[in-house]
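*Asks:* one predicted model, sequence on top.
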Amino acid sequence: MLILLRQIRMRGERIVDQRDLELDTAALRVGSGKGQDLQLFGDGIGAEHAVLRPQAGGRLRIDTRGGGRIRVDGQDVARAELAPDEWARIGPHRLAPVAAPPGFDAAVEVRIDADAAQSIKDRLRSELTLKLPRVRRHAYGLALLVLLVGLAFPMAGYFDDRADATIERFGGPTDDLWSSGPLASAHHVPGIADDCNACHVEPFKRVSDETCIGCHERTTVHFAPVHPLTEEFDGACRDCHREHNEPSNLIVRDKGQCTDCHARAMRRLADAAPAVDGMPVARAPDEMRPVTAFTAGGHPDFLASVLRPADDPADGERWRVHRQPLDGADAHESSRLKFPHDIHLDADKVSLADGPSSVDRALACDDCHSLEKEGEHFRAITMEDTCAGCHSLAFDDAQPDRQLPHGEPATLRTHLEEYYVRQAAIQRRAEPPRPARRVPDEPITRRCEGEPLDCGREWADAEMDKLFTKAGCVSCHEVERGEDEWTVAPVKLVRDWFPAARFDHRPHLNPGARADGETCLGCHEATASSHSEDILMPGIDNCVTCHAEDRPRSVALQCVDCHSFHRPGMALMGEH
Amino acid sequence: MAASAGIYLSQDPALPPNGGSWQGYTLGGLGLALILWLAWLGIRKRQYRNNRGTLEGWASAHVYLGGIALPVAATLHGGFQFGLNVHTLAYALMAGVILSGLYGLYTYLRFPPLLVRNRGDQSMDERLAELDRIDKEALETASRCDESVHTAVHSALDRTAVGGGFRDQLFARDRSRVLLPGTGKREGRNVLVANRGQRAVVDYLAQRIPDTSKHGEAERLRELLYVFGRRAELLQRLRREISLQLRMKLWLAIHVPLTVALLAALTVHVVTVFFYW
């Protein structure tokens, strides 16, 4: 479009000069800035003030920019469409569309005020305007970005699985961003680590116990099912098990979790204690004494779980667990095994050679007591594994490899009878000359004069009497002559003295763990024990020498270091 | 601050400090209340009829609570646990708001005396009026000089840059240029050269003095030299004024958007914490 731009400079009503300009454009830019098609100076004229667009019928459309104004018919407007010969004012100047001369598509006449000059303030307006970032736009933009990334996208993923998959495929923001910290390593399993909703099932609701038990159904409860506190206790899994912490703290070890309840004395429910190794707890103090801290005064004395033969074994359970203090009249165990620790640990009385050429040495605790891998308990003491190494069951010096069976008296008698009947038969058949026959501690001259069967039985009976009255079975066992046969009182050694507590022997076996350098004997006074009834378990006084929490530089313990909230032997949470 | 520390330390050592304990919720609530109150200053300072406390008092409390109490409460609320998540985003934005605010405090303490010294008892309008006056004086004097001098002076005035872009304003850069007769290979052509501190035009005018042939030309050139010397000083002060003013307002252009973003991030933080309670 060819436009004729006629610029007439005026001073008052007098024309100073006139200049025509041909422009081949559809839009004509007007302003005080450089590079404008029509540069006009004067107050109120912006650098890029307006754009003129000739229209059909000789009309002219004016659109202002950047808040500029034009004055048409005495009104300041932002845009206008002028009819031919209709005048508009831009600052002190005037312009109008006029009839286009031949050859032109449009013509604009501008009457420029020749005296109008831009004030310096106006001239420098743009340069003096502080080029500050656009605060509002940045504020809303940033806030929107935060809301989109932090809330909108993850929320869309939460409510729509397809959206979630799409967002994840493009690496967009998901509800992972909402995690307040990493999961504990125990929960780094597929289905939990990669899915928040495995635990956060309902929005705005805390993780419920049911959700936890969904996986942890085999975890045991704390209370007996009939416990009155079961209703009163409003604890939830999350009270002790906190997720998303750094460092990871899946088990809250704060003693307050326990002492909130246990700081007051509690009545112990009868029959509420879980069985120990299948043996019921028959006796325990009625009251659970208060616990406030692991100190000599803040924690009750330990109760040992000793075994007692059942008064009425007819119900099939031979042994009962009795919980009782470590000292006092009842402070003894009833394993019915005779065993003096002091003699075995006295090198003058009992010694051991590790090999044919080694020097005899005193017995050490670990010659008999072998720690399980879990560090707390010891492998069961048995005749075969523990004692037989020294205490042979050989009974015939002529045949030292022949051992008596370690079992029921009837079995033993049968074994002896078979042996002696054979000896008698051999003796009878070999006459004359009669071979020397040796029976331990019997005159070598004993001969079978009758039937070998009778002789064998007689000799076996004599051997049984000797074993059960002088040396042999009676050395270690409580025996009794029954109507028909000797009887041996059943033996049961305590495996777990404190079933409600945990203790790891391993760190305590370090010789540096105690000032006196003792390992076992520092806590278990075995050298002073002459009876197997002695309970060699140390009391709380022994523990608090190192672990009292009210003592400076002590290795303070929290309740859960020794006690588990989920008590072994109790009902399963999934069944509760 | 002491109360925040007390609350924080009341947590049992066996428990990791965490926003989810009662201490965490208390400190978080305190931090949120502080942030809302601090952000309210943007509204309060526009309430000219509000008589509840002086605006000076509000600003003072804003600085102390925002600069000291808030970071303590918020840091302890988070228990020093940071990660790539919306919660740490809120913390980072808060840190940005506080740091920009501290820079603002620095500018308010440091720049006003510099501005006063830079103004030299002249208002902006007075300085612009003086610039206008000496520009006219220069043009008038130049019009009586040799044509090449007139061209040089005219272009020096025309191509004087006071502000320019954001960086030019911030660092008070002088991007003025001038059209001068070329020398050597460019003999006979006018060349556009940098006119920093009006030095190029001053040098040109000074070089012209010994070669004058017209009567009174040397005197006029000396007048022009004086004018451009004065002009250079005036322009430099204007640029410094713009730079200082920009610095005094720039922090707010960071502080406010970060604050609005922080409010959004806090909303996300609170909603998501309870959404996945």
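*Replies:* Good, I have the coordinates.

*Asks:* hey, where'd the helices end up in the stretch 51-200 of chain A?
*Replies:* In the stretch 51-200 of chain A, the helices defined using DSSP state H, counting those that start in this stretch lie at A:120-123, A:125-128, A:135-147, A:153-159, A:161-169.

*Asks:* find the nearest non-adjacent residue to residue 168, please.
*Replies:* Picking chain A for this. residue A:174 (5.8 Å; CB to CB, 6 or more residues apart in numbering or on different chains). C-beta: built from backbone N, CA, C; applies to glycine.

*Asks:* oops, I was thinking of chain B
*Replies:* Using CB to CB, 6+ apart and skipping residues adjacent in sequence, the residue nearest residue B:168 is residue B:175, 5.9 Å away.

*Asks:* sorry, back to before: can you pull the contacts of the residue nearest to residue A:168?
*Replies:* Residues counted as contacts of residue A:174 (CB atoms under 8 Å, 6 or more residues apart in numbering or on different chains) are A:153-154, A:157, A:164, A:167-168.

*Asks:* how does it look with 7 Å?
*Replies:* A:154, A:157, A:164, A:167-168 (CB atoms under 7 Å, 6 or more residues apart in numbering or on different chains).

*Asks:* please apply the same query to residue A:47.
*Replies:* Applying CB under 7 Å, 6+ apart, one finds that residue A:47 lies in contact with A:31-33, A:126.

*Asks:* how about the contacts of residue A:174 in JSON lines, adding neighbour count and pLDDT?
*Replies:* Compiled in JSON lines, the contacts of residue A:174 are given as follows (neighbours: other CB atoms under 10 Å in any protein chain shown; pLDDT from 0 to 100):
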{"residue": "A:154", "neighbour count": "25", "pLDDT": "93"}
{"residue": "A:157", "neighbour count": "22", "pLDDT": "90"}
{"residue": "A:164", "neighbour count": "18", "pLDDT": "88"}
{"residue": "A:167", "neighbour count": "18", "pLDDT": "90"}
{"residue": "A:168", "neighbour count": "13", "pLDDT": "88"}
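
*Asks:* now the end-to-end length of stretch A:384-403.
*Replies:* The first residue of stretch A:384-403 is 12 Å away from its last residue (CA to CA, to the nearest Å).

*Asks:* now the spatially most central residue of chain A, nearest residue through space, not along the chain?
*Replies:* The residue at the geometric middle of chain A, judged as the C-alpha nearest the mean C-alpha position with CA atoms, centre = their mean, is residue A:250 (3.2 Å). The shortest distance from residue A:250 to any residue that is not its chain neighbour, by CB to CB, 6+ apart, is 4.0 Å, and that residue is residue A:184.

*Asks:* surely that neighbour meets residue A:247?
*Replies:* No. Assessed by CB atoms under 7 Å, residue A:184 is found out of contact with residue A:247, at 9.6 Å.

*Asks:* looking at those two, which is more packed in?
*Replies:* residue A:184 (17 against 9; other CB atoms under 10 Å in any protein chain shown).

*Asks:* the more buried one and residue B:38: what is the separation?
*Replies:* From residue A:184 over to residue B:38 the distance is 36 Å, taken as CB to CB, to the nearest Å.

*Asks:* low pLDDT regions in chain A?
*Replies:* Residue ranges of chain A with pLDDT under 70: A:225, A:230-231, A:313-317, A:431-445, A:576.

*Asks:* next SSE downstream of the top helix by length along it?
*Replies:* Secondary structure assigned by DSSP state H gives helix A:409-429 as the longest helix of chain A. Helices and strands here follow DSSP states H and E; after helix A:409-429, the next one along the chain is helix A:452-469.

*Asks:* which phi and psi does the residue most central in space within chain B have?
*Replies:* Using CA atoms, centre = their mean, the residue of chain B that lies closest to the mean C-alpha position is residue B:247, 1.6 Å off. Dihedral pair for residue B:247: phi -60, psi -40, per degrees, to the nearest 10.
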